[in-house]
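**Student:** Requesting a structural model of the entry that follows:
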Amino acid sequence: MAVVLDPVLNAEETPRRVRFTRDAVDHLLNLGAFAGQRFELISGDLIDKMGQNPPHAYALNLLMRYLVRLFGIERIRCQSPIEVADVDREYSYPEPDLVVMSAANREYALRHPHGTEITLLVEVADTTSHFDRTVKSNLYARAGVPEYWVLDVSRRLLYLYRHPVNGQYSSLVKTTPAESVSPEAMPEAARVVSDLLPPLNG
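**Tutor:** Prediction:
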């Protein structure tokens, strides 16, 4: 008996990807879709904001306590949306892990801060490090965020992106647990990277 194999799809036959817009997502939310789910819209894709594993949650708490001591609780936003550049706004609505705002503006009761109104933005990564260091890095650079950190919990590294120029960061520093870092806005407040990471032995 002959076996008929399905033909291999070429590029023209590959199913098309659906890109969501912010308006479409808002409409679906109003209809009750995604109830009980957390996600963010990045370049037209709905990115699942999975529940935090213990190391991720632990590192996020350490970072938040560090930044609150430096800048005050009024300037800190945790896992809340920001506005991106006009060119990205239709298809992207990110919710970074931590944001230090330039000022505690009362307008944020009516709108989210723009990238140019942010002093420092931080993402804590475990399985999403590459995505955070590529797609999100460029998204935040185009938005004008002056400084962006990616804390890679799995590899125990901290990536510091600074000085956005033409939609990309012109400076990238990769730091190890033994090195010290500080926000550019607070250069005197250095902290050893290992102090921002969960302990190796739990």
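**Student:** Kindly format the C-alpha coordinates of stretch 18-26 as CSV.
**Tutor:** Taking Å, rounded to 0.1, in the frame of the first residue of the first chain, the C-alpha atoms of stretch 18-26 are listed here in CSV:
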residue,chain,number,x,y,z
VAL,A,18,-2.3,37.8,12.8
ARG,A,19,-1.0,41.1,14.2
PHE,A,20,-3.1,42.6,16.9
THR,A,21,-3.5,46.3,17.3
ARG,A,22,-4.2,48.1,20.6
ASP,A,23,-7.7,48.9,19.4
ALA,A,24,-8.4,45.3,18.6
VAL,A,25,-7.1,44.1,21.9
ASP,A,26,-9.1,46.7,23.8
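**Student:** shift numbering so it begins at 16
**Tutor:** Shifting the count to begin at 16 puts that one at stretch 33-41.
**Student:** At which residues are the helices of the protein located?
**Tutor:** Taking DSSP state H, the helices of the chain run over residues 37-45, 69-86, 101-104, 144-148, 150-158.
**Student:** Of all these, which one comes closest to residue 171?
**Tutor:** Taking CB to CB, helix 69-86 is the member of the helices of the chain nearest to residue 171, at 9.9 Å. Every C-beta, even on glycine, is put in place using the N, C-alpha and C of the backbone.
**Student:** ok, and for the closest one, which residues are buried?
**Tutor:** Neighbour counts over helix 69-86 (16 or more other CB atoms under 10 Å) mark 70-71, 73-75, 77-79, 81-83, 85-86 as buried.
**Student:** same question, stretch 52-65
**Tutor:** When burial is assessed from 16+ other CB under 10 Å, stretch 52-65 yields the following buried residues: 54, 55, 56, 57, 59, 60, 62.
**Student:** Enumerate every residue touching the residue nearest the centre of the chain.
**Tutor:** Closest residue to the average C-alpha location of the chain: residue 111 at 3.9 Å, with CA atoms, centre = their mean. Applying CB atoms under 8 Å, 6 or more residues apart in numbering, we find residue 111 in contact with 94, 97, 136, 137, 138, 155.
**Student:** now those residues as a markdown table including neighbour count?
**Tutor:** Formatted as a markdown table, the contacts of residue 111 follow (neighbours: other CB atoms under 10 Å):
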| residue | neighbour count |
| --- | --- |
| 94 | 14 |
| 97 | 23 |
| 136 | 26 |
| 137 | 25 |
| 138 | 23 |
| 155 | 27 |
